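Student: Build me a model:
(one chain, ligands or ions: 2)
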Amino acid sequence: MARRALITGITGQDGSYLAEHLLNEGYQVWGLIRGQANPRKLRVSRLASELSFVDGDLMDQSSLVSAVETVQPEEVYNLGAISFVPMSWQQPELVTEINGMGVLRMLEAIRMVSGLHHSRNGGTQIRFYQASSSEMFGKAFETPQRESTPFHPRSPYGVAKAYGHFITKNYRESFGMYAVSGMLFNHESPRRGAEFVTRKISLAVARIKQGYQDKLHLGNLDAVRDWGFAGDYVRAMHLMLQQPECGDYVIGTGQMHSVRDAVRIAFTHVGLNWEDHVVVDPALVRPAEVEVLCADPAVAKNQLGWEPTVDFPQLMQMMVDCDLLQVTREREYADLMPASGW
Ligand code: NAP
Ligand code: F7E
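Tutor: Ligands and ions are numbered 1, 2, ... in the order given. You can find the predicted model right below:
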């Protein structure tokens with residue numbers, strides 16, 4: 001019988017890639033969907049005939065218990081979160097509830113339903129993956145960051161993720177749960193939300209190239225990140241749940257690039273000079289910035305056999321190429337629409 005996986009956050013960037021990867025691996029894949037008529041469900045509609053959906057929200061304990069009971073998964077991937085860091089200064093309580101307490105609620109749901117399993121059929125262990133983040137390292141104590149690097153988060157988002165990380169570890173130690181925390185560095189793709197810097201750049205470059213926009217407003221161009229391709233990172237999530245012993249892993253490329261590098265690569269790819277178009281806007285600089293992050297993925301390489309396949313220039317170029325097509329399609333569609341007032 002096919003193994004069953006439950007994914008929270010299936011409508012997000014990583015959720016869609018992970019669903020595809022697990023379907024290819026022969027899993028029966030379930031996605032937790034929140035809200036009434038969630039429009040982002042369309043994002044995975046290409047896979048809809050192969051996926052199953054269950055209602056639930058990381059803010060609502062009973063819905064998670066019910067989802068785990070319905071699906072009876074062997075593996076749970078908790079990707080659901082508010083993932084845009086600046087939003088965590090605007091709505092810190094909500095972000096803490098979903099990104100921090102939401103992890104506890106999902107662990108509790110698994111513990112409760114597994115307890116029922118134990119008395120019923122001798123105990124099927126549900127394996128749990130928590131989407132932790134390099135933002136926990138924040139103002140990092142050392143570079144590159146590895147599994148043992150202490151945390152110094154710089155945003156309510158990072159603080160909530162640190163709680164999620166430690167509660168995952170604690171349930172492993174307290175209840176013997178197979179619970180893993182993946183400390184993933186920034187990963188991007190053509191499916192990345194348009195609020196994140198790489199996609200903001202690739203979309204703007206496509207629009208500027210086609211004459212629909214002239215300027216791109218950005219914040220801190222000196223920020224340095226370790227950016228990889230999301231399609232590579234979901235393979236690591238799956239591998240983490242296939243190990244004989246569970247642990248925590250840092251996932252990244254080990255390569256550092258600045259926002260300025262991202263801009264230069266993207267504009268150069270379409271034959272434009274970035275300095276003619278980029279405007280630095282102090283309003284986009286964060287209250288407390290994370291200046292430099294870079295992974296040491298040696299443990300993942302040695303223990304999981306995981307390696308990235310897409311480097312940063314390839315990633316930016318892939319995103320620009322996809323957005324050139326997307327902008328063209330949107331304009332063609334707009335031209336077909338009747339003028340306003342019709
Ligand atoms: P994303 O595209 O923003 O997707 C976030 C997902 O969370 C969406 O499917 C959203 O569903 C869901 N969600 C939000 N609030 C929820 C709630 N109350 N209950 C259930 N689901 C909820 O994020 P992503 O880039 O795929 O990232 C996936 C996970 O990895 C997140 O936890 C993120 O914090 C973490 N992470 C990401 C990166 C990265 O670079 N991408 C790096 C490290 C860690 P709706 O459609 O309902 O809004
Ligand atoms: O910012 C700088 C900004 O918003 C990257 C999330 O997936 O990865 C992501 O968090 C850098 C920051 O991602 C703009 O100040 C400059 O230094 O693309 P971002 P993030 O904050 O690193 C981590 C690992 C996660 O876990 C998160 O969920 O770029 N930057 N100018 C800008 N950033 C944005 N968004 N917009 C700008 O205009």
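Student: check contacts around residue 282.
Tutor: Taking CB atoms under 8 Å, 6 or more residues apart in numbering as the contact definition, residue 282 lies against residue 219. Using the backbone N, CA and C atoms, a C-beta is placed for each residue, glycine as well.
Student: Tell me how many other residues surround residue 264.
Tutor: 19 (other CB atoms under 10 Å).
Student: just residue 295 next, same as before
Tutor: 28.
Student: Now it. Nearest residue, chain neighbours left out?
Tutor: Leaving aside its chain neighbours, residue 295 sits nearest to residue 252 (2.4 Å; criterion: CB to CB, 6 or more residues apart in numbering).
Student: Looking at the one you found now. What's its pLDDT?
Tutor: For residue 252, the model assigns a pLDDT of 98.
Student: Pull up the gap between it and residue 306, please.
Tutor: For residue 252, the distance to residue 306 (CB to CB, to the nearest Å) stands at 11 Å.
Student: Pick out whichever of the two has more residues nearby.
Tutor: Here residue 252 and residue 306 are compared on neighbour count by other CB under 10 Å; more neighbours surround residue 252, at 27 against 20.
Student: What sits closest to residue 144 if chain neighbours are left out?
Tutor: That would be residue 296: by CB to CB, 6+ apart, it lies 3.9 Å from residue 144.
Student: Tell me the backbone dihedrals of the one you found, please.
Tutor: Phi and psi for residue 296, reported as degrees, to the nearest 10, are phi -110, psi 100.
Student: before we move on, what about residue 325?
Tutor: For residue 325, the backbone dihedrals (degrees, to the nearest 10) come out as phi -70, psi -40.
Student: tell me the contacts of the residue nearest to residue 295?
Tutor: 134, 144, 184-185, 226, 228, 294-297.
Student: likewise residue 109?
Tutor: Contacts of residue 109 by CB under 8 Å, 6+ apart are 61, 64-65, 67-68.
Student: Helices of the protein, start to end?
Tutor: Read by DSSP state H, the chain holds these helices, from start to end of the chain: 13-24, 61-71, 87-90, 92-95, 102-121, 156-175, 197-209, 230-240, 259-269, 298-299, 312-336.
Student: In JSON lines, list those along with distance to ligand 2 and mean pLDDT.
Tutor: Shown next, in JSON lines, are the helices of the chain (distance: least, CB to the nearest ligand atom, whole Å; pLDDT from 0 to 100):
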{"stretch": "helix 13-24", "distance to ligand 2": "8", "mean pLDDT": "96"}
{"stretch": "helix 61-71", "distance to ligand 2": "21", "mean pLDDT": "98"}
{"stretch": "helix 87-90", "distance to ligand 2": "9", "mean pLDDT": "98"}
{"stretch": "helix 92-95", "distance to ligand 2": "10", "mean pLDDT": "98"}
{"stretch": "helix 102-121", "distance to ligand 2": "14", "mean pLDDT": "80"}
{"stretch": "helix 156-175", "distance to ligand 2": "7", "mean pLDDT": "97"}
{"stretch": "helix 197-209", "distance to ligand 2": "4", "mean pLDDT": "98"}
{"stretch": "helix 230-240", "distance to ligand 2": "10", "mean pLDDT": "98"}
{"stretch": "helix 259-269", "distance to ligand 2": "5", "mean pLDDT": "98"}
{"stretch": "helix 298-299", "distance to ligand 2": "18", "mean pLDDT": "98"}
{"stretch": "helix 312-336", "distance to ligand 2": "12", "mean pLDDT": "91"}
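Student: Cool, thanks, signing off.
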